[in-house]
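> Structure here, sequence nowhere to be found:
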């Protein structure tokens, strides 16, 4: 009995640390990474903190112990203060005039052979064509000679005239305007197009914020190089902050119908997400189901998003977590105005 008491005291201490960390994380969206980039690193671990605190709630409930209240209260506060980690409903009302938008970080179509399957590139084309999106936003795009995405209009922006890597947006509808924000000192970028659908002009942003270069198979936060890793993450978050400000500045000049999608390289518990999603609808929150995991990491990380303006109606959202053709899962939403 004594050993049991000591064990529970240790678990309660660990529970207290994790509950406090989760509580403090609710304030991260209000702290710009431009000023305090190291603190932003915690935003990557919020999904894990939620799951661990939920585990403690279940443990103390089984023990019928009052310690259940610790994580229980913190999780309840998070229900009102933070975006949901899990969605349980997926109401679907698909109309014929919906705009179907897909976002997918294709990891350069496996150009560097991360996957030994040499047919990955063609599989991505087949998947996209089978889903038949009206608009397709691709991050980590590679201009391949074998590209056969069956959408008639496109805007591609590579890092330079001689480089084949960058961002792309494909469209079923005519593109009447396009442009690039050209992030400074970065391989990442944000591009946009204006499309005409019937009588509507809709702006589509494809955002790829600064990459953190996290390798799901190699990164280990407990290794001796952890200090170097944390410094790299902090520098990445600082760039994300400046890039977000650039996107927001550009978006202020547009007041029409709009979809902003892409790979934010950060979670919904971050400052960059809060800024970019302000006055916009998150398709996952509106119509998603499950945890919405978009990055193939050790725990659920939703870092790819589709956001639309407040005047839109989001009818459907799906994460294709069975499609393992990249280190990201493709996401798609249907919406109308």
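Great, that's in hand. All values derive from a computational prediction rather than experimental measurement.

> How many residues are close by the residue lying closest to residue 49 once chain neighbours are set aside?
In space, residue 49 comes closest to residue 22 once its chain neighbours are excluded; the distance is 4.3 Å by C-beta to C-beta, 6 or more residues apart in numbering. Using the backbone N, CA and C atoms, a C-beta is placed for each residue, glycine as well. The burial count assigned to residue 22 is 24, neighbours taken as other C-beta atoms under 10 Å.

> any idea how far the closest residue to residue 108 other than its chain neighbours is from residue 265?
Using C-beta to C-beta, 6+ apart and skipping residues adjacent in sequence, the residue nearest residue 108 is residue 142, 4.2 Å away. The spacing between residue 142 and residue 265, counted by C-beta to C-beta, to the nearest Å, is 19 Å.

> out of the two, which sits in the more crowded spot?
residue 265 (28 against 20).

> Report the secondary structure state of that one.
The three-state label given to residue 265 by DSSP: H, G, I helix; E, B strand; the rest coil is coil.

> Do I have it right that residue 240 meets residue 275?
No: judged on C-beta atoms under 8 Å, residue 240 makes no contact with residue 275 at a distance of 10.2 Å.

> quick one: the helices in the stretch 1-150 of the chain?
Secondary structure of the stretch 1-150 of the chain (DSSP state H, counting those that start in this stretch): helices at 2-25, 37-40, 46-62, 68-81, 120-131.

> Deepest-packed of those, please.
helix 37-40 (a mean of 20; mean count of other C-beta atoms under 10 Å).

> list the buried ones in stretch 272-283?
Of the residues in stretch 272-283, 272-274, 276-277, 280-283 count as buried by neighbour count, 16 or more other C-beta atoms under 10 Å.

> correction: stretch 175-186
Residues of stretch 175-186 classed as buried under the neighbour-count rule (16+ other C-beta under 10 Å) are 175, 178, 181, 183, 186.

> Sitting in strands, which of those do you find?
Among these, DSSP state E puts 175, 178 in strands.

> closest to residue 10 among the buried residues of stretch 175-186?
Of all the buried residues of stretch 175-186, residue 10 sits closest to residue 186, with 44.7 Å by C-beta to C-beta.

> Wait, the closest one touches residue 208, no?
No: taking contact to mean C-beta under 8 Å, the distance of 9.3 Å between residue 186 and residue 208 leaves them out of contact.

> roughly how far out does stretch 156-168 sit from the chain middle?
Taking the mean C-alpha point of stretch 156-168 and that of its whole chain, the gap between them comes to 22 Å (C-alpha atoms, centre = their mean, to the nearest Å).

> if we can go back for a sec, pipe the buried residues of stretch 272-283 into TSV and attach distance to residue 246 per row.
Below are the buried residues of stretch 272-283 laid out as TSV (distance: C-beta to C-beta, whole Å):
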residue	distance to residue 246
272	12
273	16
274	16
276	11
277	17
280	17
281	22
282	21
283	23
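
> of these, closest to residue 305?
residue 282 (6.4 Å).

> Please report the distance of the closest one from residue 181.
Residue 282 sits 22 Å away from residue 181, going by C-beta to C-beta.

> How is this protein partitioned into domains?
According to the domain assignment given by automatic domain parsing, the chain is divided into the following structural domains: 2-81, 99-336.

> closest one to residue 88 among the ones you listed?
Go through the domains of the chain one by one with C-beta to C-beta and the one that ends up closest to residue 88 is domain 99-336, at 7.0 Å.

> what's the model's confidence in that closest one, averaged?
Average pLDDT, domain 99-336: 92.

> Counting neighbours, which bits of stretch 198-208 end up buried?
By 16+ other C-beta under 10 Å, the buried positions in stretch 198-208 come out as 202-208.

> my guess is residue 269 meets residue 83, correct?
Yes: the pair residue 269 and residue 83 qualifies as a contact (C-beta under 8 Å) at a distance of 6.8 Å.

> With neighbour numbers in mind, choose between those two.
Comparing residue 269 with residue 83 by neighbour count (other C-beta under 10 Å), the higher total belongs to residue 269, at 26 against 19.

> Name the helix or strand for that one, please.
Following DSSP states H and E, there is no helix or strand that holds residue 269.

> check contacts around it.
25-26, 28-29, 43, 46-47, 82-83 (C-beta atoms under 8 Å, 6 or more residues apart in numbering).

> Identify the residue spatially nearest to it, adjacent ones excluded.
residue 46 (4.0 Å).

> can you pull the pLDDT of the one you found?
94.

> give me phi/psi at residue 115?
Backbone geometry at residue 115, expressed as degrees, to the nearest 10, gives phi -100, psi 130.
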